[in-house]
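Asker: Give the three-dimensional model of this entry:
(4 chains)
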2 protein chains.
Amino acid sequence: MRSYGQICGVAKSLDVIGDRWTLLIVRELLVRGASRYTELRTGLPGIPTNLLADRLRDLEEAGLLRRDLASLSAVYVLTPRGEALEPVIDALGRWGAPLLASTAPDDVLLPHWLVLPARLYLTDNDPSKRAVRIEVRDGHEQVAIKAADGKVSARLGPARKPDAILIGPTLVAWRLLLGKIDVAQARESGLEIEGKAAALKRFGTVGPPKQSKH
Amino acid sequence: MRSYGQICGVAKSLDVIGDRWTLLIVRELLVRGASRYTELRTGLPGIPTNLLADRLRDLEEAGLLRRDLASLSAVYVLTPRGEALEPVIDALGRWGAPLLASTAPDDVLLPHWLVLPARLYLTDNDPSKRAVRIEVRDGHEQVAIKAADGKVSARLGPARKPDAILIGPTLVAWRLLLGKIDVAQARESGLEIEGKAAALKRFGTVGPPKQSKH
DNA sequence: CCGGATCCGGGTTGATACTG
DNA sequence: CAGTATCAACCCGGATCCGG
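Answerer: Numbers count the residues shown, from 1 in each chain, chains lettered A, B, ... in the order given. The predicted structure follows:
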């Protein structure tokens, strides 16, 4: 990317991460951890493969990621400098939250993209009770979300001993977790719920404190 | 900008503000407040005039700014939605701070760009004493920086009753404020200091807590 | 001079085909 | 699987032009 030529932290940042797709690649590596080329490609639907290769080269040169050649097929890992972008990703995620309402008909939502918003927007309603684990499953991807000790954590992969499993469209599962729809509506929209649906009540939402104000 | 087509807060944000120059225009409006076209242009050296016009239209359509026609010549103002980008700008500014060390020979630094980093990186060393005001002047732009009650504030424009005025290269003034150089070195680098140089001691730096670690 | 609009060359991106 | 190669379409940058 061409430099803005400005001695300003914002401009210098954009010199490095302002290219198209770059921050989304960082998002993928933050959520998934060490990833292979093909995993990144499926996590970034629509990215031209040559751009992905270009960006990975750029990011390596800039010191944001490392190409780990340990396991015969290359694996990409963020360096601490790359991980330090998490506050930027979080800020963008928060600012973008209102935009999620207006989605185009063929917009895509992959389950693992729930990991960051789950950490940002979900809260543990009842810290004193035992941990609750749920799994969201769509296609062949699973996300594990846990509420325990007042905190919500999330990661890619199957949940261990889940209290409930949500199978079906990720968007429906997400709206259910946010409390925007109830279990009946979720089922109507094609979501299958295994286990104890009551476990879902453990999750609350942080964010705009009031629904209606005037 | 073409949409990423991903239901993800980060991707949706970038759909709106991911275009080249867009976030820097927001930075200008955050720092300067209501601004005219020409003011934005001089605050964004290098921006092609057609791009500035295009982006202002895009930002207005996206609801991030308003075109205020009150005073016969149009004035651009951020809406609350636009101002809500401040955490994003801050996060980028913080992440980009280490990059400021490596500047190209013809990189530009305009005085008003100090406003955001002054708020982010400077601290008031002695909250109990009376307020201290300084002014940084380079070319025909001035920035007022104040330390009072434990907080540092900064804004574009001349300082009222400054304790000290720094006249000369903005980069030198900034390095002096950060404590990276002393008054003698600053003078050697072409900075003129009027008033009480001792007032500068009032400012400390927040940031990487240790200079050397091992 | 202010506030843009228009035009054009070149670089970047997007889509797809291909290869070790 | 992990990219490279190719090419069209689009976006950006630089210059010029134009109406108040």
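
Asker: What helices and strands are in contact with the biggest helix by length in chain A?
Answerer: Longest helix in chain A by number of residues (criterion: DSSP state H): helix A:49-61. Contacts defined by 3 or more C-beta pairs under 8 Å, 6 or more residues apart in numbering or on different chains; DSSP states H and E place helix A:49-61 against helix A:22-32, helix A:37-43, strand A:65-68. Every C-beta, even on glycine, is put in place using the N, C-alpha and C of the backbone.

Asker: Please identify which of the ones you listed is closest to residue B:186.
Answerer: helix A:22-32 (37.0 Å; C-beta to C-beta).

Asker: That closest one near DNA strand C anywhere?
Answerer: No: Helix A:22-32 does not reach DNA strand C (C-beta under 7 Å from any atom of the strand); its nearest approach is 8.2 Å.

Asker: Kindly export that helix (C-alpha atoms) in PDB.
Answerer: C-alpha atoms of helix A:22-32 as PDB (Å, rounded to 0.1, in the frame of the first residue of the first chain):
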ATOM      1  CA  THR A  22      -5.900  -7.200   5.600                       C
ATOM      2  CA  LEU A  23      -7.800  -6.600   8.800                       C
ATOM      3  CA  LEU A  24     -10.200  -9.400   8.100                       C
ATOM      4  CA  ILE A  25      -7.200 -11.800   7.800                       C
ATOM      5  CA  VAL A  26      -6.100 -10.600  11.200                       C
ATOM      6  CA  ARG A  27      -9.600 -11.200  12.500                       C
ATOM      7  CA  GLU A  28      -9.400 -14.800  11.200                       C
ATOM      8  CA  LEU A  29      -6.100 -15.400  12.900                       C
ATOM      9  CA  LEU A  30      -7.300 -13.800  16.100                       C
ATOM     10  CA  VAL A  31     -10.300 -16.100  16.200                       C
ATOM     11  CA  ARG A  32      -8.900 -19.300  14.900                       C
END
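
Asker: how much space between the residue in chain A positioned nearest to DNA strand C and residue A:21?
Answerer: Distances between chain A and DNA strand C by C-beta to the nearest atom of the strand are smallest at residue A:48, namely 3.6 Å. Plainly put, residue A:48 is 9 Å away from residue A:21 if you go by C-beta to C-beta, to the nearest Å.

Asker: of these two, who's got more company?
Answerer: Counted by other C-beta atoms under 10 Å in any protein chain shown, residue A:48 and residue A:21 do not tie: residue A:21 has more neighbours, with 19 against 11.

Asker: and that one, what is it in contact with?
Answerer: When contacts are counted by C-beta atoms under 8 Å, 6 or more residues apart in numbering or on different chains, residue A:21 touches A:44, A:47, A:51-52, A:55.

Asker: make it 10 Å
Answerer: Residues counted as contacts of residue A:21 (C-beta atoms under 10 Å, 6 or more residues apart in numbering or on different chains) are A:44, A:46-48, A:51-52, A:54-55, B:4, B:11, B:14, B:18.
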